[in-house]
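> All I have is the shape, not the residue letters:
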């Protein structure tokens, strides 16, 4: 596997156009695309399509946790939480004079998840005892001017620095933490941390890292942009005095813990991407056989414009038994492909077109952890570009990654549905919700599922490509 980050996919755009259209609907759609409505729409199927290559590009870059932070482990990955604090000279001087102090960290958990109406009450453990590893970086003494500038550090610069976290200052022991459904998580930090701060008076910068690699869940808390994680120092001398500092910023550091280097395993919640490359020769041959003439047409600029791809869909075999998820909801895949731009291959995300009758009957075809054993992904933009420029004999390269969890798996609405009558909806994960007429339900779940999915079968299970072509050939 390569350790490389693809450019993030743009937000999923959903069109109301169905590709199983009546004649009038097709005429309007062709017109919207700038194609004559007199074009015929025909289908070509390319079976037994085998990839040239398939590889996972892992994303392990630090994530900005300005609104949501995470720590813990699940489904082949772990996530650490990092906080950035600044403490002033009066604070460190006070600590030196105090005989007995302790430090705590306060995190406000995302109650909308842990008390979600879409999840059963016992979905998450009521309580889990975690072994929490704590490490930190305490800066050298700063001038007041340098200390005042800590808040102005660019977040992207800080995130880049976290990729090479280096510190010799670690907790003297791991600490035990109870995590449950409480709104806030408060736990004492190691005495070694307090001792380190007490020995180093003056203006300081403190970066604090939490790791729970043996956890059974990934826990979510509000980032400093919503509810500030607080670093709390208390004087145990009997007067109850304490001082609280808020974090300037926080980050989540994901780590891939998969052991199979040849497996095609994607994780959701991060930007892991799977790149699959197919040869163009069998596609061009299928088009030549279908039209009965040379394909592509190679005169002039070598662009064959006698047909336009109205729709392209590639279908893979899938096996959900090799995957695992947190919420037990289906997960939608987002796709993209590489297209030619002035002689350079650039990435383009695909616009997902809704086929309402198909979805209402059996659900979205581009989901995993769902009924069936196939995965159908739309690759219209990439295939249109490949066929129009078929003369350059390049391969077709597509990209996929795990996207949002789907709460209403057989709903063809773009983002939400308004309920027309009172109903009780029961979910496969055990959740149940009672809705009244006029209620609004989100189609997608609000939180990322930190799931894993094994696509290794793509290497040895041939795919099927179906093309819908609007053609203008000869005198037609």
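All right, it came through fine. If you're wondering where the values come from, they're calculated on a predicted model, not measured in any experiment. Numbers count the residues shown, from 1 in each chain.

> residues contacting the closest residue in space to residue 87 that isn't next to it in sequence?
Spatially, and ignoring its direct neighbours in sequence, residue 87 is nearest to residue 204 (5.2 Å; Cβ to Cβ, 6 or more residues apart in numbering). C-beta here means a position set from N, CA and C on the backbone, and glycine is covered the same way. Under the criterion of Cβ atoms under 8 Å, 6 or more residues apart in numbering, the neighbours of residue 204 are 86-87, 92, 138-139, 141-142, 147, 197.

> what about residue 204, distance to residue 243?
Taking Cβ to Cβ, to the nearest Å as the measure, residue 204 falls 14 Å from residue 243.

> Only the buried residues of stretch 137-148, if you could.
Neighbour-count burial for stretch 137-148 flags 137-139, 142, 147 (criterion: 16 or more other Cβ atoms under 10 Å).

> ok, residues contacting that stretch?
By Cβ under 8 Å, 6+ apart, the list of residues contacting stretch 137-148 reads 86, 88-89, 150, 165-167, 169, 196-197, 200-207.

> The contacts of residue 204 into JSON lines, with extra columns for secondary structure, pLDDT and distance to residue 80?
Formatted as JSON lines, these follow (DSSP: H, G, I helix; E, B strand; the rest coil; pLDDT from 0 to 100; distance: Cβ to Cβ, whole Å):
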{"residue": "86", "secondary structure": "strand", "pLDDT": "90", "distance to residue 80": "21"}
{"residue": "87", "secondary structure": "strand", "pLDDT": "88", "distance to residue 80": "22"}
{"residue": "92", "secondary structure": "helix", "pLDDT": "82", "distance to residue 80": "26"}
{"residue": "138", "secondary structure": "strand", "pLDDT": "90", "distance to residue 80": "18"}
{"residue": "139", "secondary structure": "coil", "pLDDT": "91", "distance to residue 80": "20"}
{"residue": "141", "secondary structure": "coil", "pLDDT": "93", "distance to residue 80": "27"}
{"residue": "142", "secondary structure": "strand", "pLDDT": "94", "distance to residue 80": "25"}
{"residue": "147", "secondary structure": "helix", "pLDDT": "94", "distance to residue 80": "26"}
{"residue": "197", "secondary structure": "helix", "pLDDT": "86", "distance to residue 80": "21"}
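
> out of those residues, what pair is the most spread apart?
The distance between the two most remote of those (Cβ to Cβ) is 14.6 Å, for 147 and 197.

> related to what we said a few turns ago, quick check: can you name the pairing partners of the helix or strand in which the residue nearest to residue 87 is found and their directions?
Assigned by DSSP states H and E, residue 204 belongs to strand 204-211. Paired neighbours of strand 204-211 in the sheet (DSSP bridges): strand 77-87 (antiparallel), strand 127-138 (antiparallel).

> ok, now which ones touch residue 331?
268, 325, 367-369, 402-406, 449, 451, 453 are the contacts of residue 331 under Cβ under 8 Å, 6+ apart.
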